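Okay, predicted coordinates and the sequence, questions at the end:
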Amino acid sequence: MHGSAYEYLRNKKTNANSFINNAAGVPLAKLNRNVFGASLGGPIKRDRLFYFLNYEGRRDRREDSVLRTVPSATLREGTVRYIRADNSIATLTSQDLAQRLDPRGIGANSAALQVLKRYPLPNSSEIGDGLNSGGYRFNSPIGVRQNTYIAKFDYIVNRDTNVFVRGNLQNDNDTDPQQFLGQTPRFLNLENSKGFAIGATSSIRPSLLSTTRYGFTRQGIENSGASFVAQVSFRTFDDIYPITRSFRRFSPVHHLAQDFNWIKGSHNVAFGGSLRRLANDRASYANSFFTVAANASWLSGSGAILNAPFTDMLPSFRVSMRDATMAAMGIISQVTSRYNYLPQGGQVSAQAPGTPVLRKFKDEEYEMFVQDTWKLKPNFTVTLGLRYGLFPPVYEANGVQTNSDIRLSDWFDRRVAAANAGIAASTVPPVSYVLANQPGGRPLYDINKDWQPRVALAWSPKGSGGISHKLFGSGQTSIRAGFGIFYDLLGAGLIRGFDASALGLSTTLNNSSGRLDLTTAPRLTSLNDVPASLVSPAPPAAFPVLQPNNFAITNSIDDKLKAPYTMNYNLSVARELPSGFFIQSSYVARLSRRTLTSEDLATPVNLRDPASGSDYFTAAQQLTRLFRANTPTAQVQPIPYWENLFPGLASGGKTATQSAYDVYRTNGPDATAALESLDRFGDPSASRLGRFAYFSPQYSYLRALRSIGSGNYHAMQWTIRKRFRNGDQMDFNYTWGKSIDRGSTAENNASATSRGTIINPYNRRLARSVSDYDTTHIWNANWVYNVPVGKGHRFGNGLGGVADAILGGWQVSGLWRQTSGFPVSVGNGRFWPTNYNVTGFATQIAPADVGTNKNAPRATAGGQSGPNLFNDPSVAIKSFGNTLPGEIGGRNTLRGDGVFNIDTGVAKWFRMPYAEGHTLQFRWEVFNITNSVRFDPQQTTLDLGNASAFGRYTGTFVPPRVMQFALRYEF
């Protein structure tokens, strides 16, 4: 019998406060973490039946540091402030807003001010504009209770057959941070996953081995949200109460595998196959309620009317001022209406509002493989393998699934072809949807059939003498090379984010953007009221259903998806050296193809003018450069594109180009808002091709996951290892590499961000840059040192029992990791030059003095000093400008901090005097022993729309110093 019992403890008293908390005056967060457990194993029947049992628990009573954006003291009184171009501060009282901005003469909204006054006051300058908004950092209580149970039984049936049974049970619950201090947690999370596996290994004959395995895993997750009503959100500001919707998921997985291993002469052949059947039974309230927002970008001209009277405003403060004004005046601009239906007996019936959306997805996966390891010579081995996978598309088991009548990729291609021919996008037929299991229906994507070859070589040359012996030694050198193609699995990974977006079954409709102004937009009456005038009517409960012309923003999946794959290469040379040294040098490469990447299929087309040969992006860039140079309208010379395609703009003594110039200058730098004015609203005139020559009336943004991504990673790796006779060891590793791709966001991320979307689908190469996670240099080392004191060691070999118990059995270990800086991009300031819904990145127009400054000066009036990506953010922000139409800006052009961390541990073993083999181990571990601070570039306020906090860090890579103490008893 053997077993163990252990406990690991972390406590607030031995930890350091974070740099960020100290800067905000927030006290050290509470931390009480206990990880404990026990294991027991041994024979039930001698030499035949064995058992192993393990239990581990975890209890956390801790606090997490949370940062929220809250209104300033002046904004909650109805006063809006902004920065003038001369860096002075202007103040607009409620009366000023009523007289200078509000055509209805209301000014600040009393209901909105009541909501704003519920927020706590700012205590941090990490985020916010410093005048109307700021950060509020606090420690939120977190509770964690986890229990894991594992049991395994092994039975030796006879000398040729072994059988095992293993079971696992998880019983966890924890809480999310609070929205604000004193509120209920955002989510209560439960998990009761469980599973079991059985397997048998049989020797059919001496040269043939069979292994059979079956496993069943059932993952059960429930996230209980805190909200079951609609609630108004103010853009920029965190919601005063959490808008979190409940969700639960059960995912049973059956897995059956059969492998054989056959030895024939110098060949070792492995072959077999596996099948998996997966289900995903989910219920979600995420699409069960309407949402309401005070969103300046939903107004006409993306909210430019809010800035129009204040011509002295600093351009980089326009977005902040818009959001603050919307909040103070309680202007409601956006309502998202949600309707859910269920197919029943060939008909479709509406779900009651506020009831969960139910889905049950199923997936099947089949794989086979064969591999031959051929020992050509005693020191030379070749391995050849081939894996074949058959992956039918995932499907909704109850028929709650739709597809477009035309493949969305074909619809996109038609729009592109029309634009290249100078034909309006409106000539492309509109998109409608049908049930996937009815005539005209299709699967989510086509079946995937994937061949995956593998090859590997291993050679251990032997030097016979002279130079060859010095280079290779006597079998002390290993040269290895390998290549393989590896496919990702489609199916289950696609469900998250796209499971509730089937038009006609789970329909999300927004009131049309760009139509409301300060006269027509409703005002806030209470936090939970939904303005009836902005509610979109429910679509008919019938199929086929035509996507309405409501300029929708939505998600979908390209039904021509193919499984992504990577081609992996490696070549390594390793050499054992005298005195326990080992060195290795390796080249590794990973080339990804068909990576699932998001793309907007409804991006306004780059319409070509056949007469001049010019295209829209070129013509729009010409206008943008002119208004950036403050060119008077009268001096703008005719541009053939605008004269040919927009003859209706020529009026009032202006050429068509001059009228177009005025539209782009008024909306600038928001080029898509200018194009929307012309093409969608015909204001002042549409093109000669009619309205919607560029946009789709159905979609302003149709994000689809497509197999269009690619990436390359190449690296050199070096390792030096030293082993000592007494068990001491030391490793040092260095990697020099580079990763390039078109987008680095996880494939199951359904959010619309610049980082994860191809912003210009007509020129995808613009997105190619270093990956978000690219770091050129990685160093790491680890070491274990056994203090040579005590019995059996160099010193104190003759110590008595008590002295040996005190002085012997000590060990010191450590781990060091350091990297060069990680990349980061500057945001374009909530202006949309190319894509209607994704802003893209700013464009660097001058060198920027990048270098982490823990106490950088403030960027503008209203800002505060503090840790910053730039030495002087007030200078750095001038190195970036808004991006031109058709461009995406600079992706990952800057480098911030890298990781630096040293962890150490001290251990002491005690041999128990009452029984041999019984030991007690004490460990003291210190994580980030130097309490070093390295800021995370991805946690940076880095957007042209927030000049006051430009470059300001809000988070670090590594937590502050934490100590852990452990006791472990083994027998």
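Here it is on my side, so go on.

CA only for contacts and neighbour counts going forward, please
Noted.

Can you show me the helices along the chain?
For the chain, applying DSSP state H gives helices covering 19-24, 94-100, 110-116, 318-329, 408-420, 466-472, 492-495, 616-628, 640-645, 656-667, 671-679, 801-807, 873-876.

now the last one, how far from the chain's geometric center?
The reference is to helix 873-876. 29 Å (CA atoms, centre = their mean, to the nearest Å).

what do you get for the fifth one?
From the chain centre to the centre of helix 408-420 is a distance of 29 Å (CA atoms, centre = their mean).

do the same with the second one
A distance of 42 Å separates the centroid of the chain from that of helix 94-100, by CA atoms, centre = their mean.

Now mean pLDDT and distance to Arg593 too, for the helices of the chain, in TSV please.
Formatted as TSV, those follow (pLDDT from 0 to 100; distance: least, CA to CA, whole Å):
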stretch	mean pLDDT	distance to Arg593
helix 19-24	93	40
helix 94-100	98	54
helix 110-116	98	49
helix 318-329	98	38
helix 408-420	98	18
helix 466-472	84	38
helix 492-495	71	17
helix 616-628	98	29
helix 640-645	98	38
helix 656-667	97	39
helix 671-679	97	31
helix 801-807	86	58
helix 873-876	94	37
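
could these go into a markdown table alongside distance to Gln351?
Shown next, in a markdown table, are the helices of the chain (distance: least, CA to CA, whole Å):
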| stretch | distance to Gln351 |
| --- | --- |
| helix 19-24 | 46 |
| helix 94-100 | 43 |
| helix 110-116 | 32 |
| helix 318-329 | 33 |
| helix 408-420 | 28 |
| helix 466-472 | 74 |
| helix 492-495 | 21 |
| helix 616-628 | 44 |
| helix 640-645 | 47 |
| helix 656-667 | 42 |
| helix 671-679 | 35 |
| helix 801-807 | 71 |
| helix 873-876 | 52 |
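
Between these, which one is closest to Gly128.
Closest approach to Gly128 among the helices of the chain is made by helix 318-329 (8.3 Å; CA to CA).

Output the contacting helices and strands for that closest one.
strand 80-83, helix 110-116, strand 232-234 (3 or more CA pairs under 8 Å, 6 or more residues apart in numbering; DSSP states H and E).

ok, and for stretch 4-16, which residues are buried?
4-12, 15 (16 or more other CA atoms under 10 Å).

Now that stretch: average pLDDT?
When pLDDT is averaged over stretch 4-16, the result is 96.

Have a look at this protein and report the helix or strand with the lowest mean pLDDT.
Within the chain, no helix or strand scores below helix 492-495, which has a mean of 71 by mean pLDDT, DSSP states H and E.

that older thread, pipe the helices of the chain into CSV and attach mean neighbour count and distance to Ser739 per row.
Formatted as CSV, the helices of the chain follow (neighbours: other CA atoms under 10 Å; distance: least, CA to CA, whole Å):
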stretch, mean neighbour count, distance to Ser739
helix 19-24, 17, 30
helix 94-100, 17, 50
helix 110-116, 19, 45
helix 318-329, 26, 34
helix 408-420, 19, 28
helix 466-472, 14, 33
helix 492-495, 16, 23
helix 616-628, 18, 30
helix 640-645, 21, 40
helix 656-667, 22, 38
helix 671-679, 26, 32
helix 801-807, 14, 49
helix 873-876, 20, 27
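
Which one of these lies nearest to Trp718?
Among the helices of the chain, the nearest to Trp718 by CA to CA is helix 466-472 (17.4 Å).

what comes into contact with stretch 542-556?
347-348, 430-435, 498, 501, 503-504, 508-513, 696-705, 750, 837 (CA atoms under 8 Å, 6 or more residues apart in numbering).

Quick one: closest of the helices and strands packed on helix 318-329 to Gly182.
When these are compared by CA to CA, helix 110-116 sits nearest Gly182, at 16.9 Å.
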